[in-house]
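In: sequence and predicted structure below; questions after.
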Amino acid sequence: MSADVARRMALGAQGFTDPRPAAAPTRRHLQKVLSRVRLLQLDSVNVAVRAHYMPLFSRLGAYSPSLLDEAAWSHSARRPRLLVESWAHEASLVPVEDWPLFHSGAKRDGWWKNYSAMAERSPQLVDDILAVVKELGPVGAGAIEKALAGGGPRAKEQWGWNWSEVKKVCEYLFGSGVLTTGSRRSFERLYDLSERVLPPEVLARRMSISAEEGSRELVARAATALGVATEPDLRDYYRLQPGRSRQAVAELVEEGVLEPVEVQGWGAPAYRHVEARVPRRITGRALLCPFDPLIWERARTERIFDFFYRIEIYVPAPKRVHGYYVFPFLLDGELVGRVDLKADRAAGVLRVQGAYSEPTADVGRVAVELAAELRHMADWLELDTVEVVPRGDLAPTLKAVVG
């Protein structure tokens with residue numbers, strides 16, 4: 001398989017061959033995207049837009065965020081909940097029916113396992129937390145602490161990773177599946193009992209599915225989402241245990257679900273999902289957030305697109321190469337540039353704090369297409385204007401087009 005075929009196959013698997021809806025996207029459009037990507041990663045950074053909203057915009061164009069909010073954090077008989085939170089790639093929204101797979105033993109232990117000893121040492125605290133959640137849920141960790149303290153002030157020095165014992169035990173119970181997120185308030189996780197959020201048949205499946213079966217199903221889902229991938233690519237999609245991932249790949253090859261292939265220039269064995277198709281050509285444009293499943297595995301991104309990309313949030317400002325929160329720009333199936341974006345909501349401005357083109361890109365065309373997509377994104381975020389800071393080789397041309 002040529003590298004070009006592999007690239008088009010990967011883009012098709014991720015939904016970039018589907019035309020954007022002509023009218024306002026609906027729940028049906030959301031479900032179609034989810035059937036391809038299988039999960040949406042959550043992240044607290046809100047400098048431009050929260051990570052779970054952006055992959056849908058990249059594929060559907062402007063849509064109402066309430067469409068996703070309703071699918072993830074509300075339920076009714078007429079419109080049942082489609083998504084639930086779980087540790088998948090990282091903290092993610094996943095289809096409700098997939099929830100048992102993440103508690104089958106297929107995944108490697110998450111960092112929340114560090115709090116298991118605390119929970120074992122304090123069984124009464126666990127019982128008290130569950131009692132509060134049962135009475136008040138969906139409820140945040142701070143409100144649980146206050147309820148346990150009788151409404152008094154919380155004995156905690158600071159926010160962040162210096163969490164209180166209550167927060168740590170809540171995260172342990174979330175990671176182990178006893179609790180899940182019933183709702184969100186300003187991105188704060190509001191815990192609820194999993195039995196009140198998930199359908200009985202989904203909860204029951206957790207008890208019957210083995211680690212081996214869970215691994216096979218997750219690898220198969222990763223293969224559907226990726227189209228063609230190495231075993232480490234497939235493993236990374238859901239952060240599976242290496243041994244279980246390798247075993248699952250071998251079994252899926254034997255079952256005919258995966259087909260071994262060689263991709264020119266990859267330097268490692270690859271596997272194609274038997275239902276993956278090769279689009280004749282890829283057209284259209286999209287801005288991709290750092291946590292988009294098309295690009296979140298940086299080695300795969302470089303291998304497929306010849307595009308070196310790193311997120312520089314934790315790099316000191318003077319040492320950043322491209323900026324704080326950088327969005328690669330996809331145009332006709334190629335990553336042709338990148339922009340450092342910030343949504344200045346108070347001023348009503350989408351700020352382009354840096355703009356860079358790839359060496360072989362047609363700068364004039366990239367600027368025109370990127371300007372149009374930035375305007376579309378600004379409208380979606382209800383921002384009035386786009387402003388370009390003169391930083392980066394693409395910035396002068398982009399600024400002229402935007403202006």
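Out: Arrived safely.
In: tell me which stretches of the chain form strands.
Out: 40-41, 83-87, 91-95, 179-185, 188-193, 228-229, 258-261, 270-273, 285-287, 326-331, 334-344, 349-357, 385-388 (DSSP state E).
In: which residues sit against the fifth one?
Out: Right, strand 188-193. The contact list for strand 188-193 (CB atoms under 8 Å, 6 or more residues apart in numbering) reads 85, 130, 133-134, 137-141, 144, 170, 173-174, 178-184. Bear in mind the C-beta positions are built from the backbone N, C-alpha and C, glycine included.
In: for stretch 7-26, same thing?
Out: 29, 32-33, 36-37, 56, 59-61, 63-64, 67, 224-229, 272-273, 276-282, 284, 286, 293-294, 304-305, 330, 333.
In: out of the strands of the chain, deepest packed?
Out: strand 228-229 (a mean of 29; mean count of other CB atoms under 10 Å).
In: does anything pack onto that one? Which helices or strands?
Out: helix 3-13, strand 270-273 (3 or more CB pairs under 8 Å, 6 or more residues apart in numbering; DSSP states H and E).
In: so what strands line up beside that strand?
Out: In the sheet, strand 228-229 lines up against strand 270-273 (antiparallel) (DSSP bridges).
In: now do the strand it pairs with, average pLDDT.
Out: The pLDDT scores in strand 270-273 average 98.
In: for Ile311, find the nearest of the helices and strands packed on strand 228-229.
Out: helix 3-13 (20.2 Å; CB to CB).
In: mind listing what's buried in that closest one?
Out: Val5, Ala6, Arg7, Arg8, Met9, Ala10, Leu11, Gly12, Ala13 (16 or more other CB atoms under 10 Å).
In: tell me, how many residues neighbour Leu68?
Out: 22 (other CB atoms under 10 Å).
In: thinking Glu217 is in contact with Leu101, fair?
Out: Yes - with contact defined as CB atoms under 8 Å, Glu217 counts as touching Leu101 (5.5 Å).
In: quick one on the thing from earlier: want to try TSV for the helices and strands packed on strand 228-229, with distance to Val352 as columns?
Out: Shown next, in TSV, are the helices and strands packed on strand 228-229 (distance: least, CB to CB, whole Å):
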stretch	distance to Val352
helix 3-13	25
strand 270-273	36
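In: which one, of these, ends up nearest to Pro242?
Out: So among the helices and strands packed on strand 228-229, strand 270-273 is nearest, using CB to CB, at 15.5 Å.
In: where's Pro290 relative to Gly182, distance?
Out: 28 Å (CB to CB, to the nearest Å).
In: repeat that for Val389.
Out: Distance from Val389 to Gly182, by CB to CB: 41 Å.
In: and if you look at Gly348?
Out: From Gly348 over to Gly182 (counting by CB to CB), the distance is 33 Å.
In: over to Gly15?
Out: 29 Å.
In: ok so, going back, and of the strands of the chain, who's closest to Leu148?
Out: strand 188-193 (13.3 Å).
In: more neighbours, Glu217 and Leu101?
Out: Leu101 (26 against 19).
In: what pLDDT is listed against that one?
Out: For Leu101, pLDDT reads 97.
In: try Ser245
Out: pLDDT, read off for Ser245, is 97.
In: not counting sequence-adjacent ones, nearest residue to it?
Out: Arg235 (3.8 Å; CB to CB, 6 or more residues apart in numbering).
In: just to revisit the earlier point, buried members of the contacts of stretch 7-26 into PyMOL, please.
Out: Of the contacts of stretch 7-26, the buried ones can be selected in PyMOL as follows, counting by 16+ other CB under 10 Å:
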select buried, resi 29+32+33+36+37+56+59+60+61+63+67+224+225+226+227+228+229+272+273+276+282+284+286+293+294+304+305+330+333
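In: in helices, which of the contacts of stretch 7-26 fall?
Out: Members of the contacts of stretch 7-26 lying in helices (criterion: DSSP state H): 29, 32-33, 36-37, 56, 59-60, 67, 224-226, 304-305.
In: report the contact partners of Ser92.
Out: Counting by CB under 8 Å, 6+ apart, Ser92 touches Leu39, Leu40, Gln41, Leu42, Glu85, Ser86.
In: quick check, the first one in contact with Val94.
Out: Yes - the criterion here is CB under 8 Å, and Leu39 meets it with Val94 at 4.8 Å.
In: tell me where the stretch 51-200 of the chain has helices.
Out: With DSSP state H, counting those that start in this stretch as the definition, the stretch 51-200 of the chain shows helices at residue ranges 54-60, 65-73, 116-121, 123-136, 141-148, 165-175, 194-197, 200-208.
In: out of these, which is the most enclosed?
Out: helix 54-60 (a mean of 24).
In: and that helix, what does it pack against?
Out: helix 27-37, strand 285-287.
In: centroid residue for this protein?
Out: Taking CA atoms, centre = their mean, the centroid of the chain lies closest to Gln41, which sits 2.1 Å from it.
In: disregarding residues adjacent in the polypeptide, which is nearest to that one?
Out: Phe291 (4.4 Å).
In: burial measure for that neighbour, as a count.
Out: Neighbours of Phe291 using other CB under 10 Å come to 21.
In: from Ile313, how far out is it?
Out: Phe291 is 11 Å from Ile313, by CB to CB.
In: try Leu294
Out: From Leu294 to Ile313 the distance is 19 Å (CB to CB).
In: also Ala48?
Out: Going from Ala48 to Ile313 by CB to CB gives 12 Å.
In: between the two, which one's more packed in?
Out: Higher neighbour count among Ala48 and Ile313: Ala48, with 25 against 14, using other CB under 10 Å.
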